[in-house]
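Student: For reference, the sequence and a predicted model appear below.
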Amino acid sequence: MMKQEKQYKNTVRLNLTNPLILGDRALVVGYERILPNQRSFSVNIGQASVPKLININTDSIDIEPSREQKDKGFNVTADYRFYLKKENKYDAPHGLYLAPYVSFATMDRETTWALNTSTFHGDVISDFKFTIASIGAELGYQFVLWKRFTLDFVLIGPGLANYNLKTKLDTTLDPADEEALFQKINDFLAEKIPGYSLVIDDTEYKKTGSANTTSLGYRYVIHAGYRF
């Protein structure tokens, strides 16, 4: 009698995309469980972090982050996958899949700035908070290598997302100085977060340090996993 091949229904995995984009503090781990009828669910949770802010110097203003006092955040995402029987010659989790997903991330960074302008000289503490809540659908493909290892590619993940940014300052600044600080933070986010300028209307943020907008979102992720 032929021995039945062992079925591995569980996969633990590591998000490879977030550390490449946002730095080594953006670590997210995940778990996928295979269900009957070529389906599965997965949950991913971990740290979320905005990279450290950098200096800005012009003829009229000198802003320099003198120290980081707080850096915290988390990311959680869940999806429910349908592996396509007609398109796949392998059993789940190997193959093409469609899935609805929900995601929430929050990042909080407190920074002390050395601010020198014509009207202000001294330290300013900014408390920056950025949250993203999104829902959408994804198309992906997962490879199973040597029965135990996986590479999971979320290839297309359009959705609808709410973006909320808020920066509180510990002191009252001249409007021009305040706007320069908010401009710096905005420019840094636009440089470090892919697609930021496409989905965020930064006009209000540059003036007040706050912005809340609902726009298109997008999910693209690569996971490396181990089955058991």
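Tutor: Yep, that arrived.
Student: Give me the contact list for the longest helix seen in the chain.
Tutor: In the chain, taking DSSP state H as the definition, the longest helix is helix 175-192. By C-beta atoms under 8 Å, 6 or more residues apart in numbering, the residues outside helix 175-192 that reach it are 21-22, 50-51, 53-54, 56, 61, 63, 113, 115, 117, 119-120, 124, 126, 128, 130, 165, 167, 169, 173, 196-197, 200, 202, 205-209. Every C-beta, even on glycine, is put in place using the N, C-alpha and C of the backbone.
Student: So for it, what gets flagged as buried?
Tutor: 177-178, 180-186, 188-189, 192 (16 or more other C-beta atoms under 10 Å).
Student: helices and strands of this protein: which one has the lowest mean pLDDT?
Tutor: Scoring the helices and strands of the chain by mean pLDDT, DSSP states H and E places strand 56-57 at the bottom, with a mean of 52.
Student: rewinding a little: got the CA coordinates for the longest helix of the chain in PDB?
Tutor: Taking Å, rounded to 0.1, in the frame of the first residue of the first chain, the C-alpha atoms of helix 175-192 are listed here in PDB:
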ATOM      1  CA  PRO A 175       3.300  80.500  11.300                       C
ATOM      2  CA  ALA A 176       6.200  80.600   8.800                       C
ATOM      3  CA  ASP A 177       8.400  78.500  11.100                       C
ATOM      4  CA  GLU A 178       5.600  76.100  11.800                       C
ATOM      5  CA  GLU A 179       4.900  75.700   8.100                       C
ATOM      6  CA  ALA A 180       8.600  75.000   7.400                       C
ATOM      7  CA  LEU A 181       8.700  72.200  10.000                       C
ATOM      8  CA  PHE A 182       5.500  70.600   8.600                       C
ATOM      9  CA  GLN A 183       6.900  71.000   5.100                       C
ATOM     10  CA  LYS A 184      10.000  69.100   6.100                       C
ATOM     11  CA  ILE A 185       8.100  66.200   7.600                       C
ATOM     12  CA  ASN A 186       5.800  66.100   4.500                       C
ATOM     13  CA  ASP A 187       8.800  66.000   2.100                       C
ATOM     14  CA  PHE A 188      10.400  63.300   4.100                       C
ATOM     15  CA  LEU A 189       7.300  61.100   4.000                       C
ATOM     16  CA  ALA A 190       6.900  61.700   0.200                       C
ATOM     17  CA  GLU A 191      10.500  60.500  -0.300                       C
ATOM     18  CA  LYS A 192      10.300  57.400   1.900                       C
END
